[in-house]
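Engineer: Sequence first, then the predicted structure, then my questions.
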Amino acid sequence: MHQYINDFVVTCAACTRAKWKRHKPYGLLKSIPIPVKAWSSVSMDFIETLPESKGFNSILVFVDRHTKMVIFEPCPNTMNTPELVYVFLKAVVSKHGIPIEMISDCGAKMASHMWKGFLEALGTMRKLSTAFH
């Protein structure tokens, strides 16, 4: 009897319309402004847990948001923030200059105080993305 009542309530149109929403209202989505020039806005993310090849098991991906040009840098899974700074300088800054903004996820390396201080010293605005854009 209990199962029958649960099934009836779940499939009943009047019951589903009358249920109250128990979560906060969704916020407004804000789109990221279109970049002005190439390599002024760069997004960065890791592709992790790959099979090991020559000591590397993840890939650091830099994407120019204006031209959609991509730079792939192999790296170990155990990479720390100073190594991330070195790879960023070698792969992006040395070839394309200092970007105006850097977009990345909220991973431990990208949200660290060292990475934040490094980007502030360069004059680059740090933007952390979320999974629920």
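Structural biologist: In hand now; what should we look at? Numbering: from 1, shown residues only.

Engineer: C-alpha only now, for contacts and for neighbours.
Structural biologist: Fine.

Engineer: Helix or strand with the lowest mean pLDDT in this protein?
Structural biologist: None of the helices or strands of the chain scores lower by mean pLDDT, DSSP states H and E than helix 13-18, at a mean of 76.

Engineer: what comes up buried for the next helix or strand after it?
Structural biologist: Next helix or strand after helix 13-18 toward the C-terminus (DSSP states H and E): strand 41-47. Neighbour-count burial for strand 41-47 flags Ser41, Val42, Ser43, Met44, Asp45, Phe46 (criterion: 16 or more other Cα atoms under 10 Å).

Engineer: So for strand 41-47, mean pLDDT?
Structural biologist: For strand 41-47, mean pLDDT is 93.

Engineer: Which strands border the helix or strand following that strand, and is each parallel or antiparallel?
Structural biologist: Going down the chain from strand 41-47, the next helix or strand is strand 58-64, by DSSP H and E. Strand 58-64 has these partner strands in its sheet, going by DSSP bridges: strand 41-47 (antiparallel), strand 70-75 (antiparallel).

Engineer: quick one, the helix or strand just after the last one and strand 70-75 angle?
Structural biologist: So that's strand 70-75. Note on strand 70-75: by DSSP H and E, the next helix or strand toward the C-terminus is helix 81-88. Between the axes of helix 81-88 and strand 70-75, defined by axes from the mean of the first three to the mean of the last three Cα atoms, to 10 degrees, the angle is 140 degrees.

Engineer: how about helix 81-88: buried residues?
Structural biologist: Neighbour-count burial for helix 81-88 flags Thr81, Leu84, Val87, Phe88 (criterion: 16+ other Cα under 10 Å).

Engineer: residues touching Val87, list them.
Structural biologist: Glu73 (Cα atoms under 8 Å, 6 or more residues apart in numbering).

Engineer: Also the one 10 residues further on?
Structural biologist: By Cα under 8 Å, 6+ apart, the residues touching Gly97 are Trp39.

Engineer: where does this structure dip in pLDDT?
Structural biologist: The model of the chain has pLDDT under 70 over residues 130-133.

Engineer: could you check the distance from the residue nearest the centre of it over to Ser58?
Structural biologist: Centroid-nearest residue in the chain, with Cα atoms, centre = their mean: Asp105, separated by 2.7 Å. The gap separating Asp105 from Ser58 is 16 Å, by Cα to Cα, to the nearest Å.
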